[in-house]
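Peer 1: take this sequence and fold it.
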Amino acid sequence: MAKTSARNRTPIPYAFAVIGVLFASICFGLVPYFSRSLTEQGVAPYAVAFYRYIVAALLLLPVLIVHRKEWREITWGLSAGAVMGLGWIGYVTALEKLPASTVGVLYMTYPVFTLVIAWAVFGDAPTRRAMLAAGLIVVAAVIAGSPASEAAEHLPALLLSLAALFGFGFGICVLVHRLSRIAPLARIA
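Peer 2: As a prediction, the model looks like this:
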């Protein structure tokens, strides 16, 4: 049986890829507004986090069972999922008290957290460019959504939203450093 090479496949049209990235970016940017509207309707932050992840978890559970021999990687993935879920609760809780624009801008600093976690936990030293980019991200976040513009009583909610940044950064690091050894569908699971 002949194997098909990557050269024989029909490439995805460039415009289609650009539209896909734009659509995903728009959806990612709308997350704070949907989360806030759910909490305004009385849905608890932990319920928002639970329902965000439960459908995928249930659908992909059989994949984990099939790949149970890679239990170390699966344990890392489940740990990262738990940390991300707890971080999401902090994020949604912050959205109850703070403007979505402030929490959203702060959330977009997750690459800085990813860089620090990769360095501290996985020994992946950042390059000079990565550190410069992280500095630019922090400066942009301070300019766009300065924590000083929020009332002092909202500072705990702002700090609680940092749990999402830590969770997302940790999840990315685990995906790159621990889950790259297993099948793609098992990584998603």
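
Peer 1: which ones are touching residue 124?
Peer 2: Residues in contact with residue 124 (Cβ atoms under 8 Å, 6 or more residues apart in numbering) are 118, 173, 177. C-beta coordinates here come from the backbone N, C-alpha and C atoms, glycine included.

Peer 1: just checking, what packs against the helix or strand hosting the second one?
Peer 2: Going back to what we said before, that points to residue 173. In the assignment (DSSP states H and E), residue 173 maps to helix 162-177. Applying 3 or more Cβ pairs under 8 Å, 6 or more residues apart in numbering; DSSP states H and E, one finds that helix 162-177 makes contact with helix 71-97, helix 100-107, helix 110-122.

Peer 1: cutoff 10 Å now
Peer 2: Packing partners of helix 162-177 (3 or more Cβ pairs under 10 Å, 6 or more residues apart in numbering; DSSP states H and E): helix 71-97, helix 100-107, helix 110-122, helix 184-188.

Peer 1: got the confidence number for the residue nearest the centre of the chain?
Peer 2: With distances taken as Cα atoms, centre = their mean, residue 168 lies nearest the centre of the chain, 3.7 Å away. For residue 168, the model assigns a pLDDT of 88.

Peer 1: cool, the one 5 residues further on as well?
Peer 2: Confidence per residue is given as pLDDT, and for residue 173 that number is 92.

Peer 1: can you count the residues close to the closest residue to residue 96 other than its chain neighbours?
Peer 2: In space, and not counting its chain neighbours, residue 96 is closest to residue 39: 4.9 Å by Cβ to Cβ, 6 or more residues apart in numbering. For residue 39, the count of nearby residues is 17 (other Cβ atoms under 10 Å).
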